[in-house]
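In: What follows is a predicted protein model with its sequence.
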Amino acid sequence: MMTKETERQAKTGISKTQADCSARQQLWEVLLNATSDLFFLEREQLRAALDGTIAPERFGTPLQNAQSRKHQAQNAYLEHIEQHGCWE
């Protein structure tokens, strides 16, 4: 007779350990934060351009840094779930 865990793994191919992967969750949080930071800077750049209060070009380097952090976080997350097999 199969346990609930064995049934779930047979249906999904994912073990409880893989589904509960703390490293995946941590990498996901890093990706969400990096994405949020990027959107915040983009919004501030647009607001500055519309208001004329701050030169929009001032955001160039911070935006590049935020984009880089977001891409690094995304790549780390995708690489982890591919190697570890812990996607949901």
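Out: Alright, I've got the coordinates. Residues are numbered from 1 along each chain as shown.
In: And the lengthiest helix in the chain, what's buried?
Out: Counting residues, the longest helix in the chain under DSSP state H turns out to be helix 22-51. Residues 24, 27-28, 30-31, 34, 37-38, 41, 44-45, 48 are the ones in helix 22-51 that count as buried (16 or more other C-beta atoms under 10 Å). Every residue, glycine included, has its C-beta placed from N, CA and C.
In: center of this protein, which residue is that?
Out: L31 (2.3 Å; C-alpha atoms, centre = their mean).
In: That one is in contact with Y77, isn't it?
Out: Yes. Contact criterion C-beta atoms under 8 Å: L31 and Y77 qualify, at 5.0 Å.
In: Next up, the contacts around the closest residue to H80 other than its chain neighbours.
Out: Of all residues beyond its chain neighbours, the one nearest H80 is L27 (5.4 Å), with distances taken as C-beta to C-beta, 6 or more residues apart in numbering. Shown in contact with L27 (C-beta atoms under 8 Å, 6 or more residues apart in numbering): 73, 76-77, 80.
In: Kindly report the same for T35.
Out: Applying C-beta under 8 Å, 6+ apart to T35 gives the contacts 70, 73.
In: related to what we said a few turns ago, which one of the contacts of L27 sits closest to D20?
Out: H80 (14.1 Å; C-beta to C-beta).
In: How much space separates the closest one from Q25?
Out: Noted for H80: a distance of 10 Å to Q25, by C-beta to C-beta, to the nearest Å.
In: Please apply the same query to F39.
Out: F39 sits at a distance of 21 Å from Q25 (criterion: C-beta to C-beta).
In: so for stretch 52-72, what's the average pLDDT?
Out: Throughout stretch 52-72, pLDDT has a mean value of 91.
In: all numbers from here: first residue = 31
Out: Sure thing, new numbering starts at 31, so read that last one as stretch 82-102.
In: contacts for it?
Out: Outside of stretch 82-102, the residues within contact range by C-beta under 8 Å, 6+ apart are 61, 64-65, 67-68, 71-72, 74-76, 78-79.
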